[in-house]
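Asker: give me a model of this one.
(2 chains)
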Amino acid sequence: MLEIKNLHVEIDGKKILNGLTLTVKAGEVAAIMGPNGSGKSTLSYVIAGKEDYEITEGEILLNGQSVLEMEPNERAAAGLFLAFQYPLEIPGVATMTFLKAAMNAQRKARGEEELTPGDFMKRVREAAAKLGINPDMLKRPLNVGFSGGEKKRMEILQMSLLDPSFCILDETDSGLDIDALRIVAEGVNALRGPSRGMLVITHYQRLLDHIVPDTVHVMAKGRIVKSGGKELALELEKNGYADYVEAA
Amino acid sequence: MAAILPMRTAAEMALIERYHAEKATLPGAAEARAAAFERFEKAGLPSKRVESWHYTDLRNLLREAPPVAGETSALGALEFDDLPHRLVIANGRLVDGKVSAGVEMLPLAVALKAGRAALGVAMGEAIDSVVDLNTALCREGLFLKVTGDATLHLAFAEYVEDRRSVMPRIIVEVAPGVSFTLIESHTGPNGVAYQKNAVVELLIGEGAKVEHIRLNAGGDKALMLSTLAAKIGTEAELSSLNFTTGGEISRHQSFITYAGENAKLRLNGATILKGRQHADNTLVVDHAVPHGESRELFRSVIDGEAQGVFQGKIIVRPHAQKTDGQMASNALLLSDEAAMSNKPELEIFADDVVCAHGATCGALDDSQLFYLMARGLPRVEAEALLVEAFIDEALEAVTHDGVREALAARVSDWMRARKES
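Answerer: Numbering: from 1, shown residues only, chains lettered A, B, ... in the order given. Predicted coordinates:
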């Protein structure tokens, strides 16, 4: 599903990713854990297509197709979704207007009909109810004045409405209290399925108590230094990253 | 010793000659006209050496003074078609329309000759060459006396095939306690270098509420000069929005004077420019009495090699205590060649006031664009969404839903046209 091969990335001449290789299969939930500064967020941005990064070597394939030459919106239409660590505030753009524009833009890119207003409203209402999102929030400008928890819930709402085939969750647990974490994790778990892959990026093991991964990868100094099953997360929680950082 | 004569441009000479030739037949207000002409003759057209005209060098831009546009019966499509009460002013002359019960209307010439109206009474202490020129030479226009709640659309339309000029003057007196909405639209043909110098004077009575919306959708070669001079009475409110999208060169001036205490002003601007357009918003808000409140919000979106200018001056006179003034001008530049000049000024002579100003200028936010694109919006759509939201904040002042939506639709059409070109 997602294949990253020997990825080297620089920003302003500084190397961030150093030959990162990772494969996530359909139906698999892979977790990437690593200390601050190991390049986790850079990896998520590079997969989603943010400018400013120079890819000097390597390849990223989604369902066998290279995404490196694609614009971020083309990657989204191809099924990729990044839940941001820090969702952006967009003043003046009502959340509903944005959701409709995003859903219809992706449908259009895939050659599908636009949603009818009724169908759109129904989908949003149902998805919002599952995540405990107050309908009033949907009338407000996107993410403006939302709490950290509200912003993260809004990311998962978008994820469920846009129905992507591959999801990247970048530090989705940051800024969440334990109740909000549970709601968000339930939202994510509801989207797990045999045809969907997920990459969960996190600094702490606690998110992985709620979203239990199939595989865990340790990232240090811009590459994967160890891979294993879900028990690897527990070992990291106990022993920390120091050994891996030194070895990397 | 020979007298030293100032160097006159061809346009200045033509305008001076026109005044002398027409003086005897200009309708009414002879003294005000003579005083205005004397100032104009002395100062000439303002050049960039005049501080308030520094960014719009009119002396250089107005190279000739074309003849006055003639009568026309051609009527094309007009803006805001769904508003019930509309006066159509073609080439400066009233040709069609009706007003509602609370509005009395007289042709300018009749009102001036009868002494019902005077020229320049809403200008306060402001003196301006373009207004002087209009005062000296204006023939066409209207006097409106509003005594009951009303909404009126003045549809100014130019039907000219060649270089022509129009100089309408509108004088509006709003009685105490009345709510009045005045909408102006200005349209004209593309490809014709016509010139317009329109002045609107608003005298707002005690406790009256006036909403004023002006749309500049002039032709793409037009030189559009316009002035709103307003005097706000005690506890009265004025909200004015200038929306500029047309004209090659345009300058909208607002001279607002507080004539009574506890008056409120909201002055907004929305400007969208492309190609080589130049648009200037200049305002002077004169807090001459205590307890006045003013809010100014100007938003500009500039593409191509276009240039925007904002000059905002808030004056707080020595006894105008408890004045509360806030002014902001924000510009979005969509190309590397686009330019914006921001000049906010506060002149405060009282010591117990709250006044602030801010000016920003920048490109679209890359992080916001990336976020929207990562959700599937193509770049052009993401940009349009951000630009529309940016302008929308200045349009919030418009309470008439239909008018506000029509203006917002202009912004999205403009962005769509930008994508296609």
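
Asker: shouldn't A:Met96 be in contact with A:Met137?
Answerer: No. Contact criterion CB atoms under 8 Å: A:Met96 and A:Met137 do not qualify, at 10.0 Å. Every residue, glycine included, has its C-beta placed from N, CA and C.

Asker: please identify which helix or strand holds residue 153.
Answerer: In the absence of a named chain, chain A is used. A:Arg153 belongs to helix A:148-162 when assigned by DSSP states H and E.

Asker: you looked at the wrong chain, it should be chain B
Answerer: Assessed by DSSP H and E, B:His153 sits inside strand B:150-157.

Asker: mind checking which helix or strand the residue nearest the centre of chain B is in?
Answerer: Geometric centre of chain B, nearest residue: B:His252, 3.5 Å, by CA atoms, centre = their mean. Following DSSP H and E, one finds B:His252 within strand B:249-258.

Asker: quick revisit: which strands border the strand holding B:His153, and is each parallel or antiparallel?
Answerer: strand B:86-90 (parallel), strand B:179-187 (parallel) (DSSP bridges).

Asker: okay, those strands in CSV with mean pLDDT next?
Answerer: As requested, those are exported to CSV (pLDDT from 0 to 100):
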stretch, mean pLDDT
strand B:86-90, 92
strand B:179-187, 97
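
Asker: just the helices in chain A please.
Answerer: Taking DSSP state H, the helices of chain A run over residues A:40-48, A:72-77, A:95-109, A:117-130, A:148-162, A:178-190, A:206-210, A:231-239, A:242-247.

Asker: so which of those gets nearest B:Val130?
Answerer: Within those, the stretch nearest B:Val130 is helix A:95-109; the backing value is 40.9 Å (CB to CB).

Asker: who's in contact with B:Phe255?
Answerer: Taking CB atoms under 8 Å, 6 or more residues apart in numbering or on different chains, we find B:Phe255 in contact with B:Ala122, B:Met123, B:Gly124, B:Ala126, B:Asp128, B:Thr227, B:Leu228, B:Ala229, B:Ala230, B:Leu283, B:Val284, B:Asp286.

Asker: ok, now which ones touch the fifth one?
Answerer: Right, the one you point to is B:Asp128. By CB under 8 Å, 6+ apart, the residues touching B:Asp128 are B:Ser52, B:Thr227, B:Gln253, B:Phe255.

Asker: which residue packs closest to the residue in the stretch 251-400 of chain B positioned nearest to chain A, ignoring adjacent ones?
Answerer: As assessed by CB to the nearest CB, chain A sits closest to B:Ala389 within the stretch 251-400 of chain B, at 2.8 Å. Once flanking residues are discounted, B:Ala389 sits nearest to A:Gly92: 2.8 Å by CB to CB, 6 or more residues apart in numbering or on different chains.

Asker: what's the pLDDT at the one you found?
Answerer: The model reports A:Gly92 with a pLDDT of 91.

Asker: measure it to B:Val398 for me?
Answerer: Noted for A:Gly92: a distance of 15 Å to B:Val398, by CB to CB, to the nearest Å.

Asker: okay, the two: which has more neighbours?
Answerer: Between A:Gly92 and B:Val398, counting by other CB atoms under 10 Å in any protein chain shown, B:Val398 is the more crowded of the two (23 against 18).

Asker: wait, that one touches B:Arg404, no?
Answerer: Yes. With contacts counted by CB under 8 Å, B:Val398 reaches B:Arg404, the gap being 4.0 Å.

Asker: give me the pLDDT for B:Ser421.
Answerer: pLDDT, B:Ser421: 64.

Asker: do B:Met1 as well
Answerer: Predicted confidence (pLDDT) for B:Met1: 50.

Asker: tell me the residues of the stretch 251-400 of chain B that contact chain A?
Answerer: B:366-368, B:370-379, B:381-382, B:385-386, B:388-390, B:392-393 (CB under 8 Å from any CB of the partner chain).

Asker: could you check how far the closest residue to A:Leu208 other than its chain neighbours is from chain B?
Answerer: Nearest residue to A:Leu208, sequence neighbours excluded (CB to CB, 6+ apart): A:Ala233, at 4.8 Å. Per CB to the nearest CB, to the nearest Å, A:Ala233 is found 27 Å from chain B.

Asker: which residues sit against the one helix or strand in chain B whose mean pLDDT sits lowest?
Answerer: Of all the helices and strands that make up chain B, strand B:93-97 has the lowest average by mean pLDDT, DSSP states H and E, namely a mean of 90. Residues from elsewhere that reach strand B:93-97, judged by CB under 8 Å, 6+ apart: B:71-73, B:75, B:85-89, B:107, B:140, B:142, B:155.

Asker: pull stretch A:155-170 out as CSV, backbone CA atoms only.
Answerer: Listed next in CSV are the C-alpha coordinates belonging to stretch A:155-170 (Å, rounded to 0.1, in the frame of the first residue of the first chain):
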residue,chain,number,x,y,z
GLU,A,155,-9.3,16.2,11.9
ILE,A,156,-10.8,12.8,12.5
LEU,A,157,-14.2,14.1,11.2
GLN,A,158,-12.5,15.1,8.0
MET,A,159,-10.8,11.8,7.8
SER,A,160,-14.0,9.9,8.1
LEU,A,161,-15.8,12.1,5.6
LEU,A,162,-13.1,12.0,3.0
ASP,A,163,-12.8,8.2,3.3
PRO,A,164,-9.1,7.9,2.4
SER,A,165,-7.3,4.6,1.7
PHE,A,166,-4.2,5.6,3.6
CYS,A,167,-4.2,7.7,6.8
ILE,A,168,-1.2,9.4,8.5
LEU,A,169,-1.9,10.5,12.1
ASP,A,170,0.8,13.0,13.2
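
Asker: that stretch: which residues count as buried?
Answerer: By neighbour count on 16 or more other CB atoms under 10 Å in any protein chain shown, the buried set for stretch A:155-170 is A:155-162, A:164-170.

Asker: out of the residues you listed, who's near chain B?
Answerer: A:Gln158, A:Leu162.

Asker: now do the buried residues in stretch B:177-190.
Answerer: For stretch B:177-190, the neighbour count (16+ other CB under 10 Å) marks B:Val178, B:Ser179, B:Phe180, B:Thr181, B:Leu182, B:Ile183, B:Glu184, B:Ser185, B:His186, B:Thr187, B:Gly188, B:Pro189 as buried.

Asker: quick revisit: and the contacts of B:Phe255, which of them are in strands?
Answerer: Residues of the contacts of B:Phe255 located in strands (DSSP state E): B:Thr227, B:Leu228, B:Ala229, B:Ala230, B:Leu283, B:Val284, B:Asp286.

Asker: I'd like these laid out as JSON lines, including neighbour count, pLDDT and distance to B:Gly247.
Answerer: Below are the ones in strands among the contacts of B:Phe255 laid out as JSON lines (neighbours: other CB atoms under 10 Å in any protein chain shown; pLDDT from 0 to 100; distance: CB to CB, whole Å):
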{"residue": "B:Thr227", "neighbour count": "23", "pLDDT": "98", "distance to B:Gly247": "15"}
{"residue": "B:Leu228", "neighbour count": "25", "pLDDT": "98", "distance to B:Gly247": "16"}
{"residue": "B:Ala229", "neighbour count": "24", "pLDDT": "98", "distance to B:Gly247": "20"}
{"residue": "B:Ala230", "neighbour count": "28", "pLDDT": "98", "distance to B:Gly247": "22"}
{"residue": "B:Leu283", "neighbour count": "24", "pLDDT": "97", "distance to B:Gly247": "18"}
{"residue": "B:Val284", "neighbour count": "22", "pLDDT": "97", "distance to B:Gly247": "22"}
{"residue": "B:Asp286", "neighbour count": "23", "pLDDT": "96", "distance to B:Gly247": "27"}
